[in-house]
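In: the sequence and its predicted three-dimensional model are supplied below.
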Amino acid sequence: MRNTFKAMIVMILVGLMGTLAGCGGESNTIKIGLLNEMTGGNATLGTSSANGAKMAFKEYNDKGGLLGKQIEAVVADNKSEPAEASNAMTKLVTQDKVVAVTGTFSSSNAIAAASVAAASKVPYLVSGATNPKVTVDEKTGKVNDYVFRVCFIDPFQGTVAANFALNNLHLKKAVVLVDNSSDYSKGLSDFFKDAMKQGGGEILGEEAYLQKDQDFKAILTKIKTLNPDIVYIPGYYEEVGKIVKQARELGITAVMIGADGWDSPKLAEIAGADALNHTFFTNHYAVDSKEPVAQAFAEAYEKEYGQKPDALAVLGYDAAKVLIDAIERANSTDPAKITEALAVTKDFNGITGAITLNETHDAIKSAVVIEMIDGKQTFKANVKP
């Protein structure tokens, strides 16, 4: 009987220890969610973002951790779909009990996840989604108190592309090819068109496609008849690669310009190196940057993952570091205090430049223009806000 009683006591103590270990206050780890496109059409970019964040966490953990605790990355896959992004964010904040979330490349996915973060009052620091609606409700104009980002936004990116076409390439006649299933693409196309018109350029026409489309030849045949100097394609690498390849096969020689969604090693694999000559895209970072901090990061990333970092890897790293900095300044894992600290982030030295978050929680920073030469990215220009 006595042995049975002792066994019961041991079982109760084990259960209590397990319960305490699962409580955030008693845990020796700080859980941070990584919400990214780990599978689906944008998997290479989402994986890069997650890898960059993990590098930042590892650096801190190797030096003793954050607030005396180890950072635990809780990875959630949004499967490159807005509905899945919402579901993944819900799991992170309700089941995994993370203190904050970072990541996400696609604007549509970020917008879907942002509403969940706001309802749960958990800070969400977006790494690469550029549509203004990520941080500001387009209907009310109200800033989402819990959502921030470390990347520039589309009004700036679209304007940079148009001004580069007009002032650097001295080309004025453009056709826009937009992904109608993407908030990111639609927003960028609008800002590009506005800037082109204001700068004296001409929009000859606009065509549309949808993500996962395979055959673009009918659309491209229409574009060819318009004889543009520029085809602006603010889409993601999977479709862009096929569009560029098919356009060149049809004899379209126009310069093609895109945005940060082009930044993937898969682009050259899909389009072919020759087809990508005379193409440019706006981006957050140049892989051939001569900045010492960027070179050091690139070496460390390549050693860890066996490939050079793209812009999303760098943004994932910067976002993780900004989030860690906010937690340190807050000296707390309380989501409300972390949110307050994020809101006053100023002049944080990231790989992509100094990061200051403005009144709409967006980063004020420079952009770069990348030229594709024989399948390789080459720095072309730096553009300040």
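Out: All right, it came through fine. Only a predicted model underlies this, so the values are computations on that prediction, with no experimental measurement involved.

In: can you tell me the centre-most residue of the chain?
Out: Centroid-nearest residue in the chain, with CA atoms, centre = their mean: residue 128, separated by 1.8 Å.

In: I figured that residue hits residue 134, correct?
Out: No - at 10.1 Å, residue 128 does not count as touching residue 134 under the criterion of CB atoms under 8 Å. Every C-beta, even on glycine, is put in place using the N, C-alpha and C of the backbone.

In: and residue 71, helix, strand or coil?
Out: strand (DSSP: H, G, I helix; E, B strand; the rest coil).

In: okay, now the closest residue to it other than its chain neighbours: neighbour count?
Out: Sequence neighbours aside, residue 57 is the residue nearest to residue 71 in space, at 4.4 Å (criterion: CB to CB, 6 or more residues apart in numbering). Residues contacting residue 57 under the criterion other CB atoms under 10 Å number 23.

In: where's residue 57, which helix or strand?
Out: helix 43-62 (DSSP states H and E).

In: for the protein, give me the ranges with low pLDDT.
Out: 1-26 (pLDDT under 70).

In: would you list every one of the helices in it?
Out: Listed in chain order, the helices of the chain (DSSP state H) span 2-22, 43-62, 82-94, 107-120, 154-163, 183-198, 217-226, 237-249, 266-271, 292-305, 311-330, 335-343.

In: need the ones you listed in CSV with distance to residue 279, can you?
Out: CSV is the format used below for these (distance: least, CB to CB, whole Å):
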stretch, distance to residue 279
helix 2-22, 51
helix 43-62, 18
helix 82-94, 28
helix 107-120, 22
helix 154-163, 12
helix 183-198, 15
helix 217-226, 15
helix 237-249, 7
helix 266-271, 8
helix 292-305, 23
helix 311-330, 16
helix 335-343, 36
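
In: quick one, which of the ones you listed gets closest to residue 283.
Out: Nearest of those to residue 283, taken as CB to CB: helix 311-330 at 5.0 Å.

In: most tightly surrounded among the helices of the chain?
Out: helix 311-330 (a mean of 26; mean count of other CB atoms under 10 Å).

In: by contact count, what packs against that one?
Out: On a contact count with 3 or more CB pairs under 8 Å, 6 or more residues apart in numbering; DSSP states H and E, helix 311-330 meets strand 29-36, helix 43-62, strand 100-103, strand 124-126, helix 292-305, helix 335-343, strand 348-350.
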